[in-house]
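Visitor: missing the sequence, but the structure's below:
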């Protein structure tokens, strides 16, 4: 059993919590505003919009040392939904890793719409979570949580690959925002 | 009926030709070395590796004016399979469009492995071709060829979105190159 803290109580945070609970793990769900409550999990998921990450890191930087920290964000310009706000040769996950040098940062969940995590399926496919990160044991720990909760997980490579995962997330959101895709569907993976 | 010239006789060129033929279109297939044979199609697909594009453009630039030109490349560093060789804020398709200002350049097919074009399916899903480009009529013309040939087609946005399509293609190839995905599978789209 793995202990997981999820910061964020929106659609994504609730869906990720439900997956971990299905897998029998110990889940602590915290609101962004619970800044005085310690995140006790070995894995801490930052299930907040990209614009909220800076404040959470300022509040919790020291307490996240040694932990697996999962960035789920899609760093879009929410006013236009038509561009990313990170440098083109970087990613939000790489920025977070730079801000948390004592944590093991993973990118995950940003290519999955919340309902596909909650349902466990994307159309006829089981939902697959793509995970990027430089720490293989951290990726394996998150993968085990997800597969025990009924999802598929794929190691997408090192943290540099977060750039491609953010590109996928951006494209998927841009297609859903203009009704080309449904928010309950999106990209799936056939292995 | 649309006339299509496909330059390139590899797996991708042959698979794209077969789709167009299934749709009842007029297909001309040319080898890269057929540089003295005019490409007669209204749509010209550059079904060659990214490293061959420059020579083809030098040979055919003037004759491609007015045509729809389709870039299918994944501009990977083939020695490492671990990075793209285009500028991070650009794409091969945008580079080609700059070199062919009188053509209507589209990005398509680079997120599809050849066998999924040939079979028409990715696992349980119908194969979906993501198309980016700035000319809506050009995208509609290519989409019609693909849907008449049994595939799905999605307008992925303007040519700037080729950057995200190349990110998807890159990630998909990197996963297949280390056996995380099969070359007969990959990303699918559920609308």
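Guide: Perfect, thanks for sending it. The structure presented is a predicted model; accordingly, all values stated were derived computationally and were not measured.
Visitor: tell me which parts of chain A are close to chain B?
Guide: Among all residues of chain A, those adjacent to chain B (criterion: C-beta under 8 Å from any C-beta of the partner chain) are A:88-89, A:122-125, A:154-157, A:161, A:163-165, A:167-168, A:170-171, A:174-175, A:180-182, A:185-191. For glycine as for every other residue, the C-beta is placed from the backbone atoms N, C-alpha and C.
Visitor: what is the burial count for residue A:135?
Guide: Other residues lying near residue A:135 total 15 when counted by other C-beta atoms under 10 Å in any protein chain shown.
Visitor: skipping its backbone neighbours, what lies nearest the most centrally placed residue in chain A in space?
Guide: Central residue of chain A (C-alpha atoms, centre = their mean): residue A:72, 2.4 Å from the mean position. Closest residue to residue A:72 in three dimensions, ignoring its sequence neighbours and counting by C-beta to C-beta, 6 or more residues apart in numbering or on different chains: residue A:109, at 4.0 Å.
Visitor: in contact with the one you found, which residues?
Guide: For residue A:109, the contacting residues are A:12, A:16, A:45, A:47, A:70, A:72, A:117, A:129, by C-beta atoms under 8 Å, 6 or more residues apart in numbering or on different chains.
Visitor: and the longest helix along chain A, how far out from the chain's middle?
Guide: With secondary structure taken from DSSP state H, chain A has its longest helix at helix A:162-177. Computed by C-alpha atoms, centre = their mean, to the nearest Å, the separation of helix A:162-177 from the middle of its chain amounts to 13 Å.
Visitor: and residue A:126, how far from residue A:189?
Guide: With the distance defined as C-beta to C-beta, to the nearest Å, residue A:126 ends up 9 Å from residue A:189.
Visitor: who has more neighbours out of those two?
Guide: Under the criterion of other C-beta under 10 Å, the comparison of residue A:126 against residue A:189 puts residue A:189 first, with 25 against 15.
Visitor: can you give me the buried ones in stretch A:45-57?
Guide: By neighbour count on 16 or more other C-beta atoms under 10 Å in any protein chain shown, the buried set for stretch A:45-57 is A:45, A:46, A:47, A:48, A:49, A:50, A:53, A:56, A:57.
Visitor: give me the pLDDT for the residue nearest to residue A:72.
Guide: We have a pLDDT of 98 for residue A:109.
Visitor: quick one, helices of chain A?
Guide: Shown for chain A, the helices assigned by DSSP H span residues A:11-22, A:53-60, A:92-99, A:114-119, A:136-148, A:162-177.
Visitor: next up, the contacts around residue A:128.
Guide: A:122, A:151, A:152, A:153, A:154, A:188, A:189.
Visitor: and the angle for the longest helix of chain A with helix B:162-177?
Guide: Comparing the axes of helix A:162-177 and helix B:162-177 via axes from the mean of the first three to the mean of the last three C-alpha atoms, to 10 degrees yields an angle of 120 degrees.
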